[in-house]
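Participant: Fold the following and give me the result.
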Amino acid sequence: MTTLLEVRDLTQRFGGLTAVDQVNFGIAAGRVSAVIGPNGAGKTTLFNLISGFQRPVGGSIHFEGRDITGLAPHRIAAEGLVRTFQLVQLFSELTARQNVEAGCHLRGRGGVWAALSRHRRAREELAESARVAQELLAFVGLDSRAETEAGALTYGQQRLLEVARALAAGPRLLLLDEPAAGLNAIETDALADTIGRIIARGTTVLLIEHDMNLVMRVASHIVVLDFGRKIAEGTPEQIQQDPAVLEAYLGGADLSPAIAQDAGT
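Facilitator: Below you'll find the model as predicted:
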């Protein structure tokens with residue numbers, strides 16, 4: 001498999017705390033990978049480093065062979081690496097369609113002055129954004145809510161809308177930060193189906209997730225962090241049987257059913 005993302009000795013410290021400690025792994029194109037670990041393991045910090053919201057104190061990040069370490073978030077997104085956040089971040093007063101259209105701006109080439117002057121290219125880009133938005137709303141099952149304000153959608157619908165907006169930027173790698181947080185069982189099933197269809201359309205997915213049933217269902221490659229260090233990496237089957245992973249989760253408040261069942265056998 002082609003390596004899309006490579007993290008080399010990535011390190012981040014906050015004062016005397018090492019939140020990410022010389023972490024190494026690669027993400028292959030065309031599959032779902034997951035980063036898991038107990039609360040405080042360094043997962044969100046890792047995503048912040050990869051997506052440019054924090055600059056590491058050591059190590060490097062390579063995307064499609066290019067060193068993107070320390071680039072600003074908008075530049076990393078423009079390269080084709082886009083993320084969602086643990087807390088939904090939508091324009092609540094805009095419609096679902098307008099939110100997705102906002103995500104199309106990384107595709108645009110006409111520029112601000114072209115838009116202000118009603119340049120032909122700007123008009124074409126606006127029309128293309130509208131087309132893409134409608135397509136992606138249908139893709140996540142929200143086409144009937146296109147003209148509904150984002151703030152009036154259910155939480156599960158807002159989660160799917162955020163995924164649609166991220167896809168509007170045309171990413172080759174999509175980072176999903178706790179996409180199942182706050183979802184019920186039916187919404188989680190819909191999310192799992194959506195992730196599968198994202199892979200089928202050619203976008204690679206890397207997610208952080210506490211719902212281990214979802215992780216084991218959608219991911220073929222898992223990286224496990226504990227206290228900022230990588231303690232395991234492998235397939236779901238390998239991870240569920242890894243003694244270091246079981247030790248990290250045993251006794252934890254967020255012990256997952258998938259791992260708990262394995263630990264009890």
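Participant: okay, and the helix or strand of the protein with the least pLDDT?
Facilitator: The weakest-scoring helix or strand in the chain, judged by mean pLDDT, DSSP states H and E, is helix 111-116 (a mean of 46).
Participant: Only alpha carbons, please: show the helix or strand following that one as PDB.
Facilitator: Sequence-wise, the next helix or strand downstream of helix 111-116 (DSSP states H and E) is helix 120-139. Written as PDB, here are the backbone C-alpha positions of helix 120-139 (Å, rounded to 0.1, in the frame of the first residue of the first chain):
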ATOM      1  CA  ARG A 120     -17.100  34.700 -15.000                       C
ATOM      2  CA  ARG A 121     -14.800  32.300 -13.200                       C
ATOM      3  CA  ALA A 122     -16.300  33.300  -9.800                       C
ATOM      4  CA  ARG A 123     -19.800  32.700 -11.100                       C
ATOM      5  CA  GLU A 124     -18.700  29.200 -12.400                       C
ATOM      6  CA  GLU A 125     -17.100  28.500  -9.000                       C
ATOM      7  CA  LEU A 126     -20.300  29.500  -7.200                       C
ATOM      8  CA  ALA A 127     -22.300  27.200  -9.400                       C
ATOM      9  CA  GLU A 128     -19.900  24.400  -8.800                       C
ATOM     10  CA  SER A 129     -20.000  24.900  -5.100                       C
ATOM     11  CA  ALA A 130     -23.800  24.700  -5.100                       C
ATOM     12  CA  ARG A 131     -23.600  21.400  -7.100                       C
ATOM     13  CA  VAL A 132     -20.900  19.900  -4.900                       C
ATOM     14  CA  ALA A 133     -22.900  20.900  -1.700                       C
ATOM     15  CA  GLN A 134     -26.100  19.200  -3.000                       C
ATOM     16  CA  GLU A 135     -24.200  16.100  -3.900                       C
ATOM     17  CA  LEU A 136     -22.400  15.800  -0.500                       C
ATOM     18  CA  LEU A 137     -25.600  16.500   1.400                       C
ATOM     19  CA  ALA A 138     -27.200  13.600  -0.500                       C
ATOM     20  CA  PHE A 139     -24.100  11.500   0.200                       C
END
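Participant: Counting by contacts, list what helix 120-139 packs against.
Facilitator: If contacts are counted by 3 or more C-beta pairs under 8 Å, 6 or more residues apart in numbering; DSSP states H and E, helix 120-139 sits against helix 96-103, helix 111-116, helix 155-168. (Glycine included, C-beta is placed from N, CA and C.)
Participant: residues of the longest one that come out buried?
Facilitator: Buried positions in helix 155-168, judged by neighbour count with 16 or more other C-beta atoms under 10 Å: 156-168.
Participant: What pairs with whichever helix or strand comes after that helix, parallel or antiparallel?
Facilitator: Under the assignment DSSP H and E, the closest C-terminal helix or strand after helix 155-168 is strand 173-177. The strands beside strand 173-177 in its sheet (DSSP bridges) come out as strand 81-83 (parallel), strand 204-208 (parallel).
Participant: Could you identify which of these has the lowest mean pLDDT?
Facilitator: Note on those: lowest mean pLDDT is at strand 81-83, with a mean of 93.
Participant: Which helix or strand contains the residue nearest to Thr188 when sequence neighbours are not counted?
Facilitator: Spatial nearest neighbour of Thr188, excluding adjacent residues (C-beta to C-beta, 6 or more residues apart in numbering): Ala180 at 5.0 Å. Using DSSP H and E, Ala180 sits in no helix or strand.
Participant: Following the record's annotation, map out the domains of the protein.
Facilitator: 1-80+171-265, 94-169 (automatic domain parsing).
Participant: just to revisit the earlier point, can you pull the contacts of the residue nearest to Thr188?
Facilitator: Ala180 makes contact with Glu187, Thr188, Leu191, Glu209, His210, Asp211, Leu214, according to C-beta atoms under 8 Å, 6 or more residues apart in numbering.
Participant: Quickly name whichever of those is closest to Ala130.
Facilitator: Leu191 (25.5 Å; C-beta to C-beta).
Participant: so the closest one sits right up against Asp211, yeah?
Facilitator: No: in this structure Leu191 lies outside contact range of Asp211 using C-beta atoms under 8 Å: 9.3 Å.
Participant: Give me the phi and psi for Asp211.
Facilitator: phi -80, psi 100 (degrees, to the nearest 10).
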